[in-house]
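Make a model of this:
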Amino acid sequence: MDSKDLTTIKALTPFKECGESDLASILEQASIETFQSGKMIFKRDEEDDLVYWILSGSIDLLDEKFEAKGRKADDEAAQFPIDNNNPHRLTAISTENTRMLIIKRSDIGLSLPGHDISNATEMEEEVDWMSTLLSSPLFEFIPPANIQTLFGKFEEIEYDAGDIVISQGASGDYFYVIQSGRVKVERTSGGKTSLLVKLKAGDNFGQDALISEEPRNATVTMMTKGKMMRLSEPDFESLLMHPVIESVSMDEVKEMIQAGDPKTYILDVRNPKEFEQNKIANAINVPLLLLRKNLKKLKEGAVYITACDGGKRSELAAYTLNEKGFTAYVLK
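Numbers count the residues shown, from 1 in each chain. Predicted coordinates:
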């Protein structure tokens, strides 16, 4: 092993914490392999007892939806193991000639008694949460001058695995962005608890209760150790919610429908019974609780006017649609 490789390895986690003798012992069992561009390094759901670090080059990490996240050797996150899970949660493919340090997990454990490299996995999952949030279509609505103020209002909170971030039935107080770690979202009804979704670094949650002013409709629990960036309810409303939600009158809606370009639809988000009792002419009924499940049925490029009974449901529906890249307004 040449001196350049040794210098690179000494900057990696957990080796930067090692003494010379421990590091030498580990590296006796290690290998450095070169992968030509386009080669698979490991595959999602594949089991192995190996831990991987990128020394030079670059790779793509593909999730279950085949969405790729690039990783280069000089990235800050590259100091941590790449997808340090068994079985792997991601597929790694080289995007140029790439050299990887590969060591058996058991060899690291024997050489570093008491050192848990699972912490490195959680840190590897940490994302640039600001860039992730800025990529949301919501930020098309927010004045650039407000963005710096918005991010300055977030505060970082650390959690351990098993910690409850929000509880079903509690009042809404914060909006959250996951900086690192994973959470599960569960809802209890009739004594039965159901898993709704699992969220990862870069995802956000908590806005429903803030917009609707209803109690939390689910419990969010940490699956791993992680960090959250949270924004208080007043700051969320003034800096993120209000710029996103715009209202229009029925007269304006009629003009938009008559113009026909783009196509405009009224989306009534009340429940079916409410809808039948007091229909709005030409409105489509999609109850708020079913809106996210029906997003794929909506037409891209169309304009949606959300309506309810004058309460908060239409505001939450408009926020949700705008967040997903649609154009939506609230009917006054």
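
how far away is Leu62 from Gly70?
According to CB to CB, to the nearest Å, Leu62 and Gly70 sit 11 Å apart. Placement of C-beta: from N, CA and C, glycine included.

what does Asn294 give?
In terms of CB to CB, Asn294 sits 33 Å off from Gly70.

next one: Lys192
Counting by CB to CB, the gap from Lys192 to Gly70 is 41 Å.

Run a quick neighbour tally on the residue nearest to Asp160 when sequence neighbours are not counted.
Spatial nearest neighbour of Asp160, chain neighbours left out: Lys225 (5.4 Å); criterion: CB to CB, 6 or more residues apart in numbering. Using other CB atoms under 10 Å, Lys225 has 19 neighbouring residues.

same deal with Ala170?
12.

Is the closest residue to it other than its chain neighbours in a helix, a strand, or coil?
Using CB to CB, 6+ apart and skipping residues adjacent in sequence, the residue nearest Ala170 is Arg216, 4.8 Å away. Following DSSP: H, G, I helix; E, B strand; the rest coil, we place Arg216 in the coil state.

repeat for Tyr265
Per three-state DSSP, Tyr265 ends up strand.

for it, what are its contacts?
284, 299, 302-305 (CB atoms under 8 Å, 6 or more residues apart in numbering).

Strands - which of these land there?
Judged by DSSP state E, strands contain the following of these: 284, 303-305.

how near is Ala11 to Asp5?
From Ala11 to Asp5 the distance is 11 Å (CB to CB).

what do you get for Ile82?
17 Å.

out of these two, which sits in the busier spot?
Using other CB under 10 Å as the criterion, Ile82 and Asp5 rank with Ile82 on top: 23 against 15.

Apart from its neighbours in sequence, what residue is nearest the more buried one?
The nearest residue in space to Ile82 (CB to CB, 6+ apart) is Tyr52, at 4.5 Å.

Am I right that the one you found is in contact with Met100?
Yes: if you go by CB atoms under 8 Å, Tyr52 and Met100 touch, sitting 5.4 Å apart.

more crowded one of those two?
Met100 (23 against 19).

where along the stretch 51-200 of the chain do the helices fall?
Along the stretch 51-200 of the chain, the segments classed as helices by DSSP state H, counting those that start in this stretch run 105-111, 118-124, 129-134, 144-152.

Can you tell me the centre-most residue of the protein?
Asp203 (1.8 Å; CA atoms, centre = their mean).

got the contact list for it?
177-178 are the contacts of Asp203 under CB under 8 Å, 6+ apart.
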